[in-house]
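K.L.:
Predicted model, plus sequence, below.
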Amino acid sequence: MSYDLCLEGGVCVFPWGVTEADIAVRDGRIAAIGRGLGPAAERFDARGLHVLPGLIDPHVHLRDPGDASVESIPTGTRAALLGGFATVFDMPNTNPSVVDPATLAWKQGYVDTHSYCDFGIYIGATKTNIGALGAMEQASGVCAIKVFAGSSTGDLLVEDDASIEAVMRGGRRRIAFHSEDEYRLRDRRGLFSSGMPYACHAEWRDPECAFLGTRRIIGLAHKTGRPAHIVHVSTEEEFGWLADHRDIATLEVLVNHLTQIAPECYETLGGYAVMNPPLRDRRHYDAAWRAVREGLVDTIGSDHAPHPRAAKERPWPETAAGLTGVQTAVPIMLDHVNAGRLSLARMVELMADGPARVYGALRKGRIAVGYDADFSIVDLGRRKRITNDWIVTPAGWTPFDGMEVTGWPEAVVLRGQVVMRGGEVGSEPSGKRVTFRS
Ligand SMILES: [Zn+2]
């Protein structure tokens, strides 16, 4: 038996353990795992490297259609590969938003010809498309419905209980929720005025905004029986609450909430620390790490959400909320592994197996025979400095500029093809839509 590709001598992170092995690929799928496997057309020497399943960033905003001078699907998916991801799931709050069958059909075709990595598509819920969501969530490449229950970038907002309940009753797959409570956000907005310190962002969108919204959504999830995925959980209060609702709820934590701490982040970064939900103080940072350690967290996302520099440098609260992150998430998480904050196996569970399980991505997220031959190959010992000039997102900045990390993505294999190696991405986009369980 001959193979198309054999990865040789790497330390592989399998669901059952971390061990040295060769992995053989045929027709884009993993065909054999062992030692001394048969002849292969191409060999990849992975000695000295760790071979992870193709990592998935389940939370990016690639702004396409939108402003290509900030980000686009071609540039954002190249950034994903350079950062060590094989797959991204892209949010719907573009311009126009992905909220109707015609825009979805356009995006499916566009992704097939313009994405450098594999791709999942979110559908945005609005108060006027509720009746169409059940059919749209079954379309090819759709990872989930996204509900913005609290306002952020864009015009998608479903904030009241009756509308959220109607969305939940209009389909059956797990829904992803931005849960901050819109009414409390509006009530508190008047407490602040233009030009106040950037750190006020975390006071306006306080822990109760997030906790109240999450409580409301989980209550409605129980009422309707519809599973909910709470994205970017950011408060100690939510973690405590969600531990009692694991029958219906899964949850995401962002790299930023595991890496940056208020008020220092606002003092050093100004508007480049402004995101929703906000970066918070050490109490919540410690709670997020505890949740990671205790198995409460299901997925880690970057919430890559670029804005032009001018929009980030406006006085608060006119500052645009959202940070670049798809290219830096894996190096930063590898640095956390090296610092002993989580194991490499736990990182893989949160960044590959977890997203595949939560969203029902078929043949993704683990190294096992019959699965897609997607691999994120990393050098755990390599030290590098993250800099703005490395960022290929046209917006051209990262909040982690200047940060030195240990651990770096060396290559990405996508369905048996080496699509990134040594900081170089192939010239042709070869990404495909992910298949999801209906
Ligand atoms: Zn987001």
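P.N.:
Now that the structure is in, tell me what you want to look at.
K.L.:
Now do the helix or strand containing Ser376, average pLDDT.
P.N.:
Using DSSP states H and E, Ser376 maps to strand 375-385. Averaging pLDDT along strand 375-385 yields 98.
K.L.:
Which strands and helices lie in contact with it?
P.N.:
strand 3-14, strand 50-53, strand 85-90, helix 329-338, strand 404-414 (3 or more CB pairs under 8 Å, 6 or more residues apart in numbering; DSSP states H and E). (Glycine included, C-beta is placed from N, CA and C.)
K.L.:
what packs against the helix or strand following the longest one?
P.N.:
Read it as strand 3-14. Using DSSP H and E, the helix or strand that follows strand 3-14 in sequence is strand 17-26. Applying 3+ CB pairs under 8 Å, 6+ apart, we find strand 17-26 packed against strand 3-14, strand 29-34, helix 344-348.
K.L.:
Strand 17-26 pairs with which strands, and in what direction?
P.N.:
Within its sheet, strand 17-26 is paired with strand 3-14 (antiparallel), strand 29-34 (antiparallel), according to DSSP bridges.
K.L.:
Show residues contacting the last one.
P.N.:
Meaning strand 29-34. 1, 3, 12, 14, 21-25, 38, 363, 367-373, 415-416 (CB atoms under 8 Å, 6 or more residues apart in numbering).
K.L.:
So, low pLDDT: which residues of this protein?
P.N.:
For the chain, the stretches with pLDDT under 70 are 153-154.
K.L.:
what domains does the record give for it?
P.N.:
3-51+370-382+404-425, 55-359 (automatic domain parsing).
K.L.:
And the shortest one, end to end?
P.N.:
I take that to be domain 3-51+370-382+404-425. 23 Å (CA to CA, to the nearest Å).
K.L.:
Regarding the protein, what is its longest helix?
P.N.:
helix 207-224 (DSSP state H).
K.L.:
partners of the strand holding Ser376 in the sheet?
P.N.:
Short version: by DSSP bridges, strand 375-385 pairs with strand 50-53 (antiparallel), strand 404-414 (antiparallel).
K.L.:
Now the element after the shortest one, going C-ward?
P.N.:
Past strand 50-53, further along toward the C-terminus, the next helix or strand under DSSP H and E is strand 55-60.
K.L.:
roughly how far is that next one from the heart of the chain?
P.N.:
3 Å (CA atoms, centre = their mean, to the nearest Å).
K.L.:
likewise stretch 182-194?
P.N.:
28 Å.
K.L.:
Quick one: residues in contact with it.
P.N.:
If you take CB under 8 Å, 6+ apart as the criterion, stretch 182-194 is touched by 149-151, 157, 159, 200, 203-206, 208-209, 212-213, 315-318.
K.L.:
Now it: buried residues?
P.N.:
Of all the residues in stretch 182-194, those buried under the rule 16 or more other CB atoms under 10 Å are 182, 184-185.
K.L.:
Kindly reformat those as TSV and extend each row with distance to His222.
P.N.:
As requested, the buried residues of stretch 182-194 are exported to TSV (distance: CB to CB, whole Å):
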residue	distance to His222
Glu182	21
Arg184	21
Leu185	24
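K.L.:
so can I have CSV of those showing distance to Gly141 and secondary structure?
P.N.:
As requested, these are exported to CSV (distance: CB to CB, whole Å; DSSP: H, G, I helix; E, B strand; the rest coil):
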residue, distance to Gly141, secondary structure
Glu182, 29, helix
Arg184, 35, helix
Leu185, 32, helix
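K.L.:
if you compare the strands paired with strand 375-385, which one is most tucked away?
P.N.:
Mean neighbour count (mean count of other CB atoms under 10 Å) peaks for strand 50-53 among these, with a mean of 27.
K.L.:
Using PDB, write out the CA atom coordinates for it.
P.N.:
The C-alpha trace of strand 50-53 is given here as PDB (Å, rounded to 0.1, in the frame of the first residue of the first chain):
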ATOM      1  CA  HIS A  50       4.800  18.200  17.900                       C
ATOM      2  CA  VAL A  51       2.000  17.100  15.500                       C
ATOM      3  CA  LEU A  52      -1.400  18.300  16.600                       C
ATOM      4  CA  PRO A  53      -4.700  17.800  14.900                       C
END
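K.L.:
Report the buried members of the contacts of strand 29-34.
P.N.:
For the contacts of strand 29-34, buried by 16+ other CB under 10 Å: 3, 12, 14, 21-25, 363, 367, 371-373, 415-416.
K.L.:
tell me, how many neighbours does the residue nearest to Thr324 when sequence neighbours are not counted end up with?
P.N.:
Using CB to CB, 6 or more residues apart in numbering and skipping the chain neighbours, the partner closest in space to Thr324 is Pro306 (4.8 Å). Pro306 sits with 30 neighbouring residues when counted by other CB atoms under 10 Å.
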